[in-house]
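Peer 1: Take a look and give me a structure for this.
(one chain, ligands or ions: 2)
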Amino acid sequence: MKINTTGLASFIPEEEIFQWLETTKNPSAERVREIIQKSLNKNRLDPEEMAVLINAEDPALAEEIFEGARELKQRIYGNRIVLFAPLYIGNECINNCQYCGFRCTNKEVSRKTLTMPELDREVEALVDRGHKRLIMVYGEHPKYDAQFIHDTVKEVYGIKKGNGEIRRVNINAAPLDVEGFKLVKSAGIGTYQIFQETYHQQTYKEMHPSGPKSDYLWRLHGLDRAQQAGIDDIGIGALMGLFDWRFETMALLYHTIHLEEEFKVGPHTISFPRIEPAIGTDLCDRPPYEVSDYDFKRLVAILRLAVPYTGLILTCRESVELRNEIIQFGVSQIDAGSNIGIGAYSQEDEESYKKSQFVLNDGRSLDQVIRELCEADFIPSFCTGCYRLGRTGEHFMEFAIPGFVKRFCTPNAVLTFLEYMEDYSSPETRVAGMKQIERELERMPEDDKKATLLERIEQIKNGDRDLYF
Ligand code: SAM
Ligand code: SF4
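Peer 2: Ligands and ions are numbered 1, 2, ... in the order given. The predicted structure follows:
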């Protein structure tokens with residue numbers, strides 16, 4: 001792969017972002033409410049409007065923003081939470097990202113790339129716990145080229161265990177060239193995620209002193225190349241803590257607008273991981289721009305309102321308490337039962353942390369997360385229906401097509417969740433889960449759709465699998 005950035009320019013106007021953040025200080029309550037209303041009317045916000053929300057620091061106004069985000073989630077997406085697990089394939093890396101345990105200069109990390117038989121065992125262990133959706137994660141290394149990513153994805157899709165298999169694989173890996181993206185797409189991936197880490201050029205330079213990732217523009221335009229290769233489910237993100245979260249949140253919106261303008265479709269998902277401690281990596285203990293829990297909640301709620309059509313991802317980097325609170329602000333996907341030590345789903349040992357990129361804060365099992373979701377009136381979903389039926393941009397459809405969630409997403413959540421309970425759940429989770437399914441059924445109108453759903457529920461109870469609308 002040849003990195004060529006000739007003719008590329010940044011679409012992140014740094015000066016303009018600082019100006020918006022400066023000129024919108026101390027907004028009136030009316031203005032803030034007007035903007036929340038615009039979002040509730042299903043409109044994407046403009047940068048000036050996002051800056052107003054960021055500057056609405058008065059606690060009462062911040063509360064209205066939280067409330068707005070909750071309402072938007074409830075109104076448009078309902079109470080579903082899609083579950084996935086990260087699967088790290090290899091931690092060799094030629095980059096030198098100052099915040100990452102995998103960076104090439106880190107002598108304390110233990111390097112490991114899964115062999116195909118090891119990959120099979122990892123996938124079997126994940127399938128045995130009930131997972132259906134993965135994000136496969138790779139360091140950046142000549143070994144992990146497009147062909148390798150393609151081959152490992154194919155391998156994962158080929159594994160069947162008991163009643164289960166992985167039905168959707170998303171990718172988080174280095175940006176490729178168009179040819180590389182085409183090859184990876186041909187393996188049948190869902191979303192391709194690339195996080196810009198920081199959109200602030202000077203900070204980017206300091207954080208990425210060497211390796212291919214030191215090229216800001218190559219990375220910034222990575223998802224444009226993915227689009228050119230036909231991958232239209234793409235995920236953007238920023239690593240919170242490297243630079244001012246206000247700037248990064250605004251930049252995520254500018255990236256969104258750029259994708260809308262260029263490809264008529266914004267990002268499928270937005271991620272906003274915070275820096276976590278990592279082996280041999282002092283920077284993580286004192287991130288340059290640490291984001292407090294309160295500001296983190298604000299940034300999630302503001303992103304929800306600013307880009308109402310996109311999926312928001314919240315990972316096990318965050319604590320249980322914070323995850324429980326933040327999922328109400330419009331998060332659509334969470335990971336659960338995650339283990340990021342390479343090879344650690346099938347074989348965890350005391351050394352596993354040495355093969356991890358960073359340390360997780362939510363160590364609950366998938367079963368426990370599911371039980372707690374049900375107890376809080378969420379319906380867990382393992383649905384991959386849209387992706388399997390070629391309905392790409394599923395999250396956008398949920399947003400844009402009236403009744404889509406009721407017709408497709410909730411019934412598919414019920415069916416995939418029931419499969420989970422039939423095959424994998426603990427007795428306690430089954431009790432909580434069956435109650436949740438009852439609640440969902442009670443909320444549905446008595447129509448043909450519900451009748452078909454009830455039939456399919458019986459089919460699953462009788463041993464059929466993988467039924468979806
Ligand atoms: N190597 C590829 C890359 O850099 O794009 C693949 C992804 S990397 C393994 C996954 C993501 O983890 C990075 O994009 C970064 O945002 C995040 N990350 C790195 N170090 C982290 C840390 N200490 N705490 C939390 N997240 C971190
Ligand atoms: Fe390598 Fe990615 Fe870690 Fe950077 S963030 S050191 S590219 S694995």
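
Peer 1: make it CA atoms for all contacts and neighbour counts henceforth
Peer 2: OK.

Peer 1: State which strand of the protein is the longest.
Peer 2: Using DSSP state E to assign secondary structure, the strand with the most residues in the chain is strand 80-90.

Peer 1: immediately after it, which helix or strand?
Peer 2: helix 116-129 (DSSP states H and E).

Peer 1: pLDDT on stretch 69-89, on average?
Peer 2: In this model, stretch 69-89 has a mean pLDDT of 94.

Peer 1: Repeat that for stretch 53-65.
Peer 2: Here the average pLDDT along stretch 53-65 is 97.

Peer 1: Quick check: end-to-end length of it?
Peer 2: 8 Å (CA to CA, to the nearest Å).

Peer 1: domain assignment for the protein?
Peer 2: Following automatic domain parsing, one finds the domains of the chain at 14-72, 80-381, 397-461.

Peer 1: How far away from the center of its chain is the last one?
Peer 2: Looking back up the chat, that one is domain 397-461. Chain-centre distance of domain 397-461: 23 Å, with CA atoms, centre = their mean, to the nearest Å.

Peer 1: ditto for the longest one
Peer 2: A distance of 7 Å separates the C-alpha centroid of domain 80-381 from that of its chain, computed with CA atoms, centre = their mean.

Peer 1: Check the first one too.
Peer 2: Averaging C-alpha coordinates over domain 14-72 and over its chain gives two centres that are 23 Å apart (CA atoms, centre = their mean).

Peer 1: Which of the helices and strands in the chain ranks last by mean pLDDT?
Peer 2: Within the chain, no helix or strand scores below helix 394-400, which has a mean of 76 by mean pLDDT, DSSP states H and E.

Peer 1: right, and Val169 touches Tyr192 too?
Peer 2: No - applying CA atoms under 8 Å, one finds Val169 not in contact with Tyr192, separated by 9.3 Å.

Peer 1: Can you give me the pLDDT of Asp349?
Peer 2: Reported pLDDT for Asp349: 79.

Peer 1: for the one 4 residues further on, same thing?
Peer 2: Among the per-residue scores, Tyr353 holds a pLDDT of 78.

Peer 1: Ok, the one 5 residues further on next?
Peer 2: The score at Phe358 is 83. That number is its pLDDT.

Peer 1: got the residues of the chain near ligand 1?
Peer 2: With CA under 6 Å from any ligand atom as the criterion, the chain meets ligand 1 at residues 99-100, 137-140, 172-174, 194-195, 197, 239, 273-278, 284, 358.

Peer 1: try it again with 8 Å
Peer 2: 88, 91, 93, 97, 99-102, 137-140, 172-175, 193-197, 213, 237-239, 273-278, 281, 284, 317, 357-359 (CA under 8 Å from any ligand atom).

Peer 1: rewinding a little: now do the least confident helix or strand of the chain: everything it contacts.
Peer 2: Contacting residues not belonging to helix 394-400 are listed as 76-77, 268, 308-311, 386-387, 404-405, 409 [CA atoms under 8 Å, 6 or more residues apart in numbering].

Peer 1: try 7 Å this time
Peer 2: 76-77, 268, 309-311, 386, 404-405 (CA atoms under 7 Å, 6 or more residues apart in numbering).

Peer 1: Same question for stretch 241-250.
Peer 2: Residues outside stretch 241-250 that contact it (CA under 7 Å, 6+ apart) are 17, 47, 54, 198-199, 203, 238, 274-275, 287-291, 299.

Peer 1: Tell me which of Val169 and Tyr192 has more neighbours.
Peer 2: Tyr192 (28 against 25; other CA atoms under 10 Å).

Peer 1: So which bits of the host helix or strand of Glu455 are buried?
Peer 2: Assigned by DSSP H and E, Glu455 belongs to helix 448-461. Buried residues in helix 448-461, counted by 16 or more other CA atoms under 10 Å: 449, 453, 456-457, 460.
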